[in-house]
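Asker: Give me coordinates for this.
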Amino acid sequence: MQIKVLGAGCANCHTLEDRTNLALGQLGAEGTIEMVTDYSQIAGYGVMATPALVVDGIVVFSGRVPDVPELVSILAGTQA
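Answerer: Predicted coordinates for the structure are as follows:
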C-alpha cells in the first residue's frame, strides 16, 4: 500500500502521518508513507483542503485529521 500525506508539513500533517502509522500497525498491513508538501503535486490530486490522505493514488479524504479507528476502517476498505 502506498500512502501519501498531502499538506504543508504542519502539525496536523504530522499528526495524520503518525495516526496512519498506528492504523497500519493495528491492521498488520505493510505500507510506505510519503509526505508531499509541493503545492503543484497536491493540486494535481484536486485537493483544496489539507491535510489529505492518498492511498494507492486515490484521495480518501481531505481537510481533516481522522482518529486512529476511522483510519483503520479507511485503510481496511482500500486493501485488495
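
Asker: Determine which residue lies closest to the centroid of the protein.
Answerer: The centre of the chain sits closest to Leu53, judged by CA atoms, centre = their mean, with a distance of 2.7 Å.

Asker: Pretty sure that one sits against Leu6.
Answerer: Yes. Under the criterion of CB atoms under 8 Å, Leu53 makes contact with Leu6 at 7.5 Å. Heads up, the C-betas are built off the backbone N, CA and C, glycines and all.

Asker: what is in contact with these two at once?
Answerer: Residues touching both Leu53 and Leu6 (CB atoms under 8 Å, 6 or more residues apart in numbering): Ser62.

Asker: now the strands for this structure?
Answerer: 2-6, 32-36, 52-55, 58-62 (DSSP state E).

Asker: most packed of these?
Answerer: strand 52-55 (a mean of 22; mean count of other CB atoms under 10 Å).

Asker: Just checking: what are the partner strands of it?
Answerer: Using DSSP bridges, the strands paired with strand 52-55 are strand 2-6 (antiparallel), strand 58-62 (antiparallel).

Asker: Ala76: how many residues sit nearby?
Answerer: Ala76: 12 surrounding residues under other CB atoms under 10 Å.

Asker: Once you drop chain neighbours, what's closest to Asp67?
Answerer: Arg19 (7.1 Å; CB to CB, 6 or more residues apart in numbering).

Asker: Pull up the gap between the one you found and Val5, please.
Answerer: Going from Arg19 to Val5 by CB to CB, to the nearest Å gives 10 Å.

Asker: if we can go back for a sec, quick one: which of the strands paired with strand 52-55 is nearest Gln41?
Answerer: Across these, Gln41 has its closest neighbour in strand 2-6 (7.6 Å, CB to CB).
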